[in-house]
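# how does the following fold in three dimensions:
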Amino acid sequence: MTLSRERAHDLLVALDEQLAATGDRFELVVIGGSALNALGLADRTTKDIDVVALRTDEGLAEAKPLPDSLVAARNRVARDFDVSDGWLNAGPADLLRWGLPEGFNDRLTTRSYGSHLTVHFAGRLDQIHFKLYAAADQRGGRHEDDLRALEPTQDELVAAARWTRTQDPSGGFLQMLEEKLADLGVVDADLRA
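Alright, predicted model coming up:
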């Protein structure tokens, strides 16, 4: 299954309609390829929409597991559009527990998909953080392609690298991170600050 920007939009509009039918309302915080597409930072297909958190009046809340009523609505949309139930998932939700980049909330871009669904998409700088983390951890692939498409500056890469160290402080990850930074033209970065 792959989702284009248009297909993801259609699924989110349908999700709003399902939520409206039951009276449920949700605000999702989304990262990854679908967020890049929605904000026009990339134009590629993605396999899913990654929910990192739910937004409430009190702030960001755990998305894992997704609330039952949201799962039920998601599954009805999956059936109606003949896509996998995993089209909307909380795969990256552990990032909230480990700590999002400083200022994350201030850089969110908000879109409404109707009266019952609002989606807050991670901004460019935060996507650089997440994509560097994934590219180092998974040794490149689509994450590195996305990262390069974002055209990060050396300062942005160093800031992102420092944040990734809060996610995985192991020596093995540090070595992979330094190799990835070197591939991206950043050498001798002090990652302790």
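
# outline the domain layout of the chain.
Using automatic domain parsing, the domains assigned to the chain come out as 5-122, 125-183.

# now these in JSON lines, with distance to residue 191 and mean neighbour count?
C-beta coordinates here come from the backbone N, C-alpha and C atoms, glycine included. What follows is the domains of the chain, written out as JSON lines (distance: least, Cβ to Cβ, whole Å; neighbours: other Cβ atoms under 10 Å):
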{"stretch": "domain 5-122", "distance to residue 191": "15", "mean neighbour count": "18"}
{"stretch": "domain 125-183", "distance to residue 191": "5", "mean neighbour count": "18"}
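
# which of the ones you listed comes out lowest on mean pLDDT?
With a mean of 93, domain 125-183 has the lowest mean pLDDT of the domains of the chain.

# now do the same end-to-end measure for it.
19 Å (Cα to Cα, to the nearest Å).

# tell me the secondary structure for residue 50?
Three-state call for residue 50 (DSSP: H, G, I helix; E, B strand; the rest coil): strand.

# with distance to residue 189 as added columns, please give the domains of the chain in a markdown table.
Listed next are these as a markdown table, based on distance: least, Cβ to Cβ, whole Å:
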| stretch | distance to residue 189 |
| --- | --- |
| domain 5-122 | 17 |
| domain 125-183 | 5 |
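
# mind listing what the residue nearest the centre of the chain touches?
Central residue of the chain (Cα atoms, centre = their mean): residue 31, 1.4 Å from the mean position. Contacts of residue 31 were listed using Cβ atoms under 8 Å, 6 or more residues apart in numbering, and they are 50, 52, 92, 95, 121, 122, 126, 127, 130.

# do that again at 6 Å, thanks
Neighbour list for residue 31: 50, 52, 92, 122, 130 [criterion: Cβ atoms under 6 Å, 6 or more residues apart in numbering].

# now residue 20
Neighbours of residue 20 in contact, by Cβ under 6 Å, 6+ apart: 115, 116.

# switch to 8 Å and redo it
So residue 20 contacts 114, 115, 116 (Cβ under 8 Å, 6+ apart).

# now it, what's its secondary structure?
Going by three-state DSSP: residue 20 is helix.
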